[in-house]
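1. here is my input, please return the structure:
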Amino acid sequence: EVDGRLEHREMPGLPNLRELVLGSPELVEAFIHGYWDDEEQREYFAFPNVTDVVLNGRFEELPGGWLGCFPSLERVTLPEAMTEIPPFAFRGCVRLREVEIPDTVEYVGEYAFFDCTNLERLVVGSGVEGFSHDGPIFGYMEEREVDGRLEHREMPGLPNLRELVIDSPEFAMAFIPGYADESEGRWHWAYPSVTKVVLGNRFQDIPAGWLGCFPALEHITLPVTMTEISDSAFRGHPTLRKVELPPMVSSIGEYAFSGCAELRALTIPSSVWSIAVNAFADCPKLKMIGVEVGDADRVRQLLSQAGLDVSSVVFTESYPPLSLCTVMFEPGTHCAGIDGDLLQIVLNGCAAVAPTVYPHYGWRFDGWDKDLTCVTNDLTATALAHFVWRHLLIVTHTHTLAHHVSVVVTVAITATLAHFALAHLLYYIKSSA
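-> Below is the predicted model of the structure:
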C-alpha cells in the first residue's frame, strides 16, 4: 500500500526456498542477492530462507561472494571436483554452522571464511597445501564504542568454532592464537570455543605451540601414524585433561607436556622408549598413567629419569595394547589379479579392507581363507575360488520356402572333460598319421 492505494511490483527470488542442489556453474548467475529499497531504506534478499546448498557435477570453483545470496545458509556441501576455495567465498555467511573442505581442494584464498561467526564445525581435507597471505582466512568485524562513537575493527578467528578436523599440516599454520589489545590491556583469543581437535594421518608431529590456539581444548585425537611427540607440543595448555598417545609413538620431546596444569591422565604405549627431561614439568594433577600389561616398571623408570615425581602416580596396567597388525593379500591359484592395496596395516581388533579379485575364466571368487572382520595378529589372506560349469550355446538357423527351423543345442561340459577329449583327439590323429 502506497499513499492509500495498492501497488504491485516485481520482486526477485524465491522467498520460501530452503534447499538448493546445483550442478550447473552457468546457472550460478541466475541467483542474485536481492536489491536495496531506497524508500524503505533496507535490503531485500532474493533467497532469504535457504539453509542448505549442495554443489556437485561440474563445479570446479566457487564464485567469490556468491553464497552471500543466502543469508540463512547453515550447511554447504562442496563438490569433489573443486580444487580451490576462492577469496571471500563464504564471507558474510553469518549463520553457517558446518563446512567440509574436500581432499581435492589445494588452496584457500584470503577472507574465505570471514564473518562466519557461527561456524561450529570445520573439516579440512588432506589436499590443502597452501593459503593466501594477503589477508586472514578467518575473522570478523567487531563493533565497539570508543570516546562516544562506534568503531569497527577486524578481529581474527572464529569465535564459535567448537570442533576442528584437519588433515593438512600446511593449513594448520592458518590458525593463530589471537592478539594482545594494548588499549584494553588484555589478550583476545582467535578460537576461544574449540573443545575438540582431530588430526589426520598426514600429521607426523604437532607444530610447537600450535595447540595454544585453542585455550578451551579438552579432547584431541592424534593420528595412528604419529611416531613422536615433538618439543613443546602441548606445553602450557590450560584445559587439557587426558591424552592417549598413538601406538607408534617412540619418543616424547622436551617440555612436550610442561605446564599442562589440568592434565590428569595419560596413556603411554609400549612403543615409547625415550622421554626427554622436563617433558612433564609442572603437571601437578598428573596422577594416573595407563600402560600395557607388564610395562609399568619400565615406563615408571623412564618418567623418573625425565624428572617426574612418580611417587604419587598410579600406573594402571589394564590399558589395552594398541598394537598394529600387517595384512597381506595373495591372489591364489585361480585368480588373474587383485585390484587394491595388497599390504595393509590395521589396528588390533579392527577390520581390513578386502581388495577386488578377478578370477580366471570359468572360476568364481569365494572369499578369503582368513577372517578380515577382526584382525588380531599378522596374517596372509589368500583368495578362494571354485570352478563353475561352462555353457556352450550353439544356434543353427535353417531357412526354406515352406518353413523356418531353429535348432538350439546347449552343451554343458567341464574344463577337465574338454581337455580330456582334446587330448584323446590329438592322440588319435597322431596314431592315424
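
2. so how far is residue 359 from the closest residue to residue 22 other than its chain neighbours?
-> With C-beta to C-beta, 6 or more residues apart in numbering as the criterion, residue 22 has its nearest non-adjacent residue at 5.7 Å, and that residue is residue 55. Just so you know, the C-beta spots here come from the backbone N, C-alpha and C atoms, and that holds for glycine as well. Residue 55 is 40 Å from residue 359, where distance means C-beta to C-beta, to the nearest Å.

3. residue 208 too?
-> To residue 359, residue 208 is 53 Å away according to C-beta to C-beta.

4. with residue 2 instead?
-> For residue 2, the distance to residue 359 equals 78 Å [C-beta to C-beta].

5. residue boundaries of the helices in the stretch 151-300 of the chain?
-> Under the criterion DSSP state H, counting those that start in this stretch, the stretch 151-300 of the chain contains helices at 296-305.

6. actually the stretch 301-433 of the chain, sorry about that
-> Counting by DSSP H, counting those that start in this stretch, the stretch 301-433 of the chain has these helices, from start to end: 415-432.

7. list the contacts of residue 24.
-> Counting by C-beta atoms under 8 Å, 6 or more residues apart in numbering, residue 24 makes contact with 57, 58.

8. measure it to residue 227 for me?
-> Taking C-beta to C-beta, one finds residue 24 at 46 Å from residue 227.

9. now residue 220
-> 17 Å.

10. check residue 237 too.
-> Distance from residue 237 to residue 227, by C-beta to C-beta: 21 Å.

11. same check, this time on residue 286
-> Per C-beta to C-beta, residue 286 is found 23 Å from residue 227.

12. which of residue 237 and residue 227 has more neighbours?
-> residue 237 (23 against 13; other C-beta atoms under 10 Å).

13. which phi and psi does that one have?
-> phi -70, psi 130 (degrees, to the nearest 10).

14. which one is it nearest to, not counting chain neighbours?
-> residue 260 (5.1 Å).

15. shaky segments in the protein?
-> 318-326, 343, 345-349, 389-433 (pLDDT under 70).

16. for residue 242, see how far away residue 166 is.
-> 20 Å.

17. which one's more surrounded, the two?
-> Shown here are residue 166 and residue 242; by other C-beta under 10 Å, residue 166 has more neighbours (22 against 15).

18. the more buried one pairs with what?
-> With DSSP bridges as the criterion, residue 166 is bridged to residue 124, residue 199.

19. hang on, it packs against residue 201?
-> No - if you go by C-beta atoms under 8 Å, residue 166 and residue 201 don't touch, sitting 11.4 Å apart.

20. the more surrounded of residue 2 and residue 359?
-> For the pair residue 2 and residue 359, the greater number of neighbours falls to residue 359 (21 against 8), based on other C-beta under 10 Å.

21. residue contacts, that one?
-> 334, 335, 336, 365, 383, 385.

22. how close does the nearest residue to residue 77 once chain neighbours are set aside get to residue 86?
-> Sequence neighbours aside, residue 54 is the residue nearest to residue 77 in space, at 4.4 Å (criterion: C-beta to C-beta, 6+ apart). As judged by C-beta to C-beta, residue 54 and residue 86 stand 19 Å apart.

23. which one's more surrounded, the two?
-> Remark: of residue 54 and residue 86, residue 86 carries more neighbours, 20 against 14, as counted by other C-beta under 10 Å.

24. which residues sit in contact with that one?
-> 61, 62, 63, 64, 109, 112.

25. do that again at 6 Å, thanks
-> Counting by C-beta atoms under 6 Å, 6 or more residues apart in numbering, residue 86 touches 62, 64, 109.
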